[in-house]
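Q: Whatever this is, show me its structure:
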Amino acid sequence: MNHSQRPPKPIGAPADALSADLDPTDWEAFRAESHRALDQMIDHLATLRERPVWREPSAEARERFRRPLPAEGRGLAAALDDFERFIQPYANGNIHPLFMGWAQGAGTPVGMVAEMLAAGLNSNCGGRNHIALDVERQIAAWMAQAFGFPLDASGVFVTGTSIANFLSLLVAREHALGDKNVRKNGLKALEEQLVAYASREAHNCVRQAMELAGLGARHLRLIESDGARSLRVDELRRAIAEDRAAGLHPFLVVGTAGSVDTGAIDDLDALADIAKAEDLWFHIDGAFGALAVLSPALKPLVKGLERADSVAFDFHKWLHVPYDAGFFLVRDPEAHRRAFAANAAYLTRAPRGLAAGEIWPCDLGADLSRGFRALKTWFTIEVFGTERLGACIEKSCALAQRLRRNIEASGTFEMRAPVALNVVCFGVKDDDEAGRLNREIVMELHESGEAAPSLTLLDGHPTIRAAIFNHRTREEDIDAFMLMLERAAQRARGEPPLEPLPEPREDGEPLSQD
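A: Below you'll find the predicted structure:
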């Protein structure tokens, strides 16, 4: 095109608007700044123990993010300086070894590099014919192998298990009502009300999935749990029988492999038996617990997982893939595809070229625009291998048992729930009904930056919860945490400091044994 053929510049556009792009004008300067940023984050990870677990963002930092929309760019160097001053010091702290508050993975330097590489490729993984989709299919095949699913099982990356559990409900609904064509006709055309079942310990996202799918939270039967906080199988059978007698349509049972509050595991084998006998879709919420299959010592705890119709879980928890990396695995690939595949002109497939391929990820979920989550997951598994990853999972459970023993030997605290995996729930022995001491201890530990446990409600009582996920956490961290708890309890009561507690022993023994 010669100059006379160029379209006119937009009114008010800068003089060089037609030649503008977003690449660096000086690639070497950009390289230097990028290396500085990478070195800065490596230093940050290498020195985690020298900093508080968490810090309240300063007033200056909060104010920095209340500015008006900038018209003029400030450049990469200025943005990196702001990141170092106003963002990096005030993260939520889950990379620190004494972060024990919630079920959050710690990430790895390997995953950080993989995320950078994925961002550089900027692949859209909704579909088309490119290698990123093969990487995602590789992850599905690996997980099918790990879980004992058929090797052609269908899998798709999502943001997290909350969304994966929602997808499972939609697949189960389609499986139960395929001849009704609910995707076209809607739920109003149904003659029978669909009913699902889960433990009272199940994650709230299961209830939310019923709401979002238009089935209604009141049609999720929350079954009582036993002393181990596992779903009572006898109560499940009774509830199904009552609903059938009332003319309702049971269609889904959700088993929990590692509950969010206590790490409890349902009897998955028994649930699989019931699902088969009652012709129900058997889904497992295995947000973190499903990955116990990677530890030979822990795998028996999730026996029955291999019989599920679908499993939801997160690589960003116990495998420490950087956020976010949830996954949804379905035994029957055709059942999976029927729930989501749609015809659209812009998704037309071709026998060759970039539009080739029979099944794309957009046929397996609601997302069309999707990032390359599979790359950081592939890097994590390739670099470390399942033996080392499984060993880290097993270690976190051993550390939870160490903390349990220290709690049971304490004159201040008592256990509030069994320790099934890596979650320890406990509280002050003589705390009031409002949990004042428990609440104060948790808040003080957060504000001091010493550690970050969390609070939950067990049987209506505020309870301290330590979810031990971090691969960086060591035995000495658990013992130091126990000392912090004792001191925080003294301060919460307004007592003068007691005699110094014994320091953790160098031989690796916990503060006390049962």
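
Q: what about the strands in the protein?
A: Along the chain, the stretches classed as strands by DSSP state E are 154-158, 194-199, 220-223, 249-256, 281-285, 310-314, 326-330, 413-415, 423-428, 454-458, 461-467.

Q: Ok, which of those comes nearest Asp26?
A: In terms of C-beta to C-beta, the element of the strands of the chain nearest to Asp26 is strand 154-158, at 36.1 Å. Placement of C-beta: from N, CA and C, glycine included.

Q: now the helices for the stretch 151-300 of the chain?
A: 161-177, 182-185, 204-212, 233-245, 268-278 (DSSP state H, counting those that start in this stretch).

Q: between the first one and strand 326-330, how many degrees?
A: Here helix 161-177 runs at 20 degrees with respect to strand 326-330, directions being taken by axes from the mean of the first three to the mean of the last three C-alpha atoms, to 10 degrees.

Q: angle of helix 161-177 against strand 154-158?
A: Using the same axes, to 10 degrees: helix 161-177 against strand 154-158 is 140 degrees.

Q: ok, now the fourth one?
A: For helix 233-245 and strand 154-158, the angle between their directions (the same axes, to 10 degrees) works out to 100 degrees.

Q: for helix 233-245, packing partners?
A: Counting contacts by 3 or more C-beta pairs under 8 Å, 6 or more residues apart in numbering; DSSP states H and E, helix 233-245 is packed against strand 194-199, strand 220-223, strand 249-256, helix 268-278.

Q: The ones you listed: which one's closest to Ser123?
A: When the helices and strands packed on helix 233-245 are compared (using C-beta to C-beta), the closest one is strand 249-256, at 32.7 Å.

Q: Which helix runs longest in this structure?
A: helix 373-409 (DSSP state H).

Q: Give me the most central residue, this protein.
A: Nearest residue to the geometric centre of the chain (C-alpha atoms, centre = their mean): Asp314, 4.5 Å.

Q: ok, that one touching Tyr323?
A: No. Using C-beta atoms under 8 Å, Asp314 makes no contact with Tyr323, being 9.0 Å away.

Q: ok, back up a step: and Glu447, which of the helices and strands packed on helix 233-245 is closest to it?
A: Across the helices and strands packed on helix 233-245, Glu447 has its closest neighbour in strand 249-256 (32.8 Å, C-beta to C-beta).

Q: What strands line up against that closest one, and which way round?
A: Strand 249-256 pairs in its sheet with strand 194-199 (parallel), strand 281-285 (parallel), by DSSP bridges.

Q: so the residue nearest to the centre of the chain bridges to which residues?
A: Gly326.

Q: Report the contact partners of it.
A: Residues near Asp314 by C-beta atoms under 8 Å, 6 or more residues apart in numbering: Gly105, Gly160, Thr161, Ala287, Phe288, Ala325, Gly326, Phe327.

Q: Of those, select the buried ones using a ChimeraX command.
A: A single ChimeraX command selects the buried members of the contacts of Asp314 (16 or more other C-beta atoms under 10 Å):
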select :105,160,161,287,288,325,326,327
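
Q: Which residues are in contact with each of Asp314 and Tyr323?
A: Contact criterion C-beta under 8 Å, 6+ apart; residues shared by Asp314 and Tyr323: Gly105.

Q: out of the contacts of Asp314, who's nearest Trp54?
A: Gly105 (16.5 Å).

Q: Once you drop chain neighbours, what's closest to the closest one?
A: Using C-beta to C-beta, 6 or more residues apart in numbering and skipping residues adjacent in sequence, the residue nearest Gly105 is His320, 4.2 Å away.

Q: Please work out how many residues are found near that neighbour.
A: His320 has 25 neighbouring residues, counting by other C-beta atoms under 10 Å.

Q: which residues does it contact?
A: By C-beta under 8 Å, 6+ apart, His320 lies in contact with Gly105, Ala106, Gly107, Thr108, Gly111, Thr380, Cys392, His471.

Q: try it again with 6 Å
A: By C-beta atoms under 6 Å, 6 or more residues apart in numbering, His320 lies in contact with Gly105, Ala106, Gly107, Thr108, His471.

Q: what do you get for Thr161?
A: With contact set as C-beta under 6 Å, 6+ apart, Thr161 has these partners: Ala287, Ala312, Asp314, Gly326.

Q: of all the strands paired with strand 249-256, which lies closest to Ala46?
A: Comparing these against Ala46 with C-beta to C-beta, the closest turns out to be strand 281-285 (35.4 Å).

Q: tell me the domain ranges of this structure?
A: Domain assignment for the chain by automatic domain parsing gives 53-67+74-91, 123-371, 386-493.

Q: Restricting to C-alpha, output the helix or strand bottoming out on mean pLDDT in the chain in CSV.
A: Lowest on mean pLDDT, DSSP states H and E among the helices and strands of the chain sits helix 182-185, with a mean of 87. Extracted in CSV, the C-alpha atoms of helix 182-185 (Å, rounded to 0.1, in the frame of the first residue of the first chain):
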residue,chain,number,x,y,z
VAL,A,182,-32.6,-30.0,29.1
ARG,A,183,-30.0,-27.8,27.4
LYS,A,184,-32.7,-26.8,24.8
ASN,A,185,-35.9,-27.1,26.8
